[in-house]
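Colleague: Using only what follows, build the 3D model:
(2 chains)
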Amino acid sequence: MIASDARQEEIELARRLMAGEPGAFDRFVERFGAKVFQYSLLVCGQREDAEEVAQDTLFKVFEKLDQLREPERIRPWVFRIARNACLMKRRKSVFAPAQELSLDELMPQPAGDGGARRIEIADWSALPEDRALKAELERVVREAIRELPEIYQSVLLLRDIEGLSTAEAAEVLEVSEEVVKTRLHRARLAVRRKLDWYLKSARGGGPA
Amino acid sequence: MTERDSHNHVGDCRRIFALLSEYLDAELPAETCEQIAAHLKDCPPCVEFLESLRKTVELCRELEGEQRPGPLGEAARRRLQELYRKALAARRPTAEPSPGTGR
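Modeller: As a prediction, this is how the structure comes out:
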């Protein structure tokens, strides 16, 4: 299913839920319970924590459902609640201090000969055709996302995993659109760097 | 390419590096996009780097759920249904609530 179809289905589901139509409750709980579970699993890494966050999020969603006016806003609305539930869960376990990712550190290094026209980069050409490699890289991506500082992790999850627009992510995170763009770029660069290291090491080299 | 050209080119690489996600997301003004496209025509390292970033974003977007959540417990489901009934009643204070909870 392409992203826009999924989005339309969710909006229709939210409209039916808000109208109290039969079947909408079960469908909503199943669909958004699973989505929030996947989101929080990427944040927490632990199945039990992710299930707890998903359940807490659903409780909050139904507690506040009468406040939702526009079904079109269902996805950002649910993920705002999910993100807060994840933050609460984190506070209960490991408190991670805010950490900045520097753009300079994420820039590729010039190749070993010092030439400005070449950079140290792994061979990415096997993607996406090599299915075994792709599966392995998905594991590396999950690991990289879990290791991101929260301010970058939440932006990447909302934009690239959940498909929110820049404006929607900005609203969920209560920051400007410019901040979303800056953080998203750094988050992607950090994940890219981890993949690059993996691809190099898988071919016999170490981290650059 | 002279040393000065090379220096300017590297400066462009640095400037463009900061904009690559917005370029991929088509969130830049047309003029900036054209400048980046012109730079990429003459800069294989930036093309290679952009391609690796594009594949990173694709991997993120295509990430499948690694596990499925377990079924919701009966007590949690009953609580959700109760909250849903209350929300519907609050939404339509004068109408008879129609839960439609399916189970």
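Colleague: Okay, now the unreliable bits of chain B?
Modeller: Scanning chain B for pLDDT under 70 picks out the ranges B:1-10, B:93-103.
Colleague: what are the ranges of the helices in it?
Modeller: Applying DSSP state H to chain B gives helices spanning B:3-17, B:20-24, B:30-41, B:44-61, B:74-91.
Colleague: Please see if the second one touches chain A.
Modeller: So the one you mean is helix B:20-24. Yes - for helix B:20-24 and chain A, the contact criterion (Cβ under 8 Å from any Cβ of the partner chain) is met by B:20-22. (C-beta placed from N, C-alpha, C; glycine too.)
Colleague: A:Pro110 is in contact with B:Arg14, correct?
Modeller: No - counting by Cβ atoms under 8 Å, no contact exists between B:Arg14 and A:Pro110, whose distance comes to 11.9 Å.
Colleague: could I get the residues of helix B:20-24 next to chain A as CSV with neighbour count and distance to A:Ile81?
Modeller: Below are these laid out as CSV (neighbours: other Cβ atoms under 10 Å in any protein chain shown; distance: Cβ to Cβ, whole Å):
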residue, neighbour count, distance to A:Ile81
B:Leu20, 21, 32
B:Ser21, 25, 27
B:Glu22, 19, 28
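Colleague: A:Ala190: which of the helices of chain B is closest?
Modeller: Closest approach to A:Ala190 among these (Cβ to Cβ): helix B:44-61, 9.7 Å.
Colleague: in chain A, which spans are helices?
Modeller: Under the criterion DSSP H, chain A carries helices at the ranges A:3-18, A:24-44, A:47-63, A:74-92, A:103-106, A:131-147, A:150-156, A:166-173, A:177-202.
Colleague: Turn the ones you listed into TSV, including distance to B:Gly65, mean neighbour count and mean pLDDT.
Modeller: Output for the helices of chain A, formatted as TSV (distance: least, Cβ to Cβ, whole Å; neighbours: other Cβ atoms under 10 Å in any protein chain shown; pLDDT from 0 to 100):
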stretch	distance to B:Gly65	mean neighbour count	mean pLDDT
helix A:3-18	14	16	91
helix A:24-44	5	21	94
helix A:47-63	11	20	95
helix A:74-92	15	19	89
helix A:103-106	28	12	88
helix A:131-147	11	16	91
helix A:150-156	17	23	95
helix A:166-173	21	20	96
helix A:177-202	18	21	95
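Colleague: Of these, which is nearest B:Gln81?
Modeller: Nearest of these (Cβ to Cβ): helix A:24-44, 6.9 Å.
Colleague: Now do the contacts for the closest residue to B:Cys33 other than its chain neighbours.
Modeller: Of all residues not flanking B:Cys33 in the chain, B:Tyr23 sits nearest, at 6.6 Å (Cβ to Cβ, 6 or more residues apart in numbering or on different chains). By Cβ atoms under 8 Å, 6 or more residues apart in numbering or on different chains, the contact set of B:Tyr23 is B:16, B:33, B:36, B:50.
Colleague: now swap in B:Leu59 and tell me
Modeller: A:127, A:134, A:137-138, A:141, A:195.
Colleague: Quick check: which of those are also close to chain B?
Modeller: Restricting the contacts of B:Leu59 to those near chain B by Cβ under 8 Å from any Cβ leaves A:127, A:134, A:137-138, A:141, A:195.
Colleague: Read off the pLDDT value for A:Ala122.
Modeller: Listed pLDDT for A:Ala122 reads 86.
Colleague: That one and A:Arg192 touch, don't they?
Modeller: No - A:Ala122 is not in contact with A:Arg192 according to Cβ under 8 Å; the separation is 10.1 Å.
Colleague: Identify the contacts common to those two.
Modeller: The overlap between the contact sets of A:Ala122 and A:Arg192 (Cβ under 8 Å, 6+ apart) consists of B:Ser52.
Colleague: one step back: for chain A, state which of the residues of helix B:20-24 next to chain A is nearest.
Modeller: Closest approach to chain A among the residues of helix B:20-24 next to chain A (Cβ to the nearest Cβ): B:Ser21, at 3.8 Å.
Colleague: Excluding chain neighbours, what is closest to the closest one?
Modeller: What sits nearest to B:Ser21 in space, not counting adjacent residues and going by Cβ to Cβ, 6+ apart, is A:His185, at 3.8 Å.
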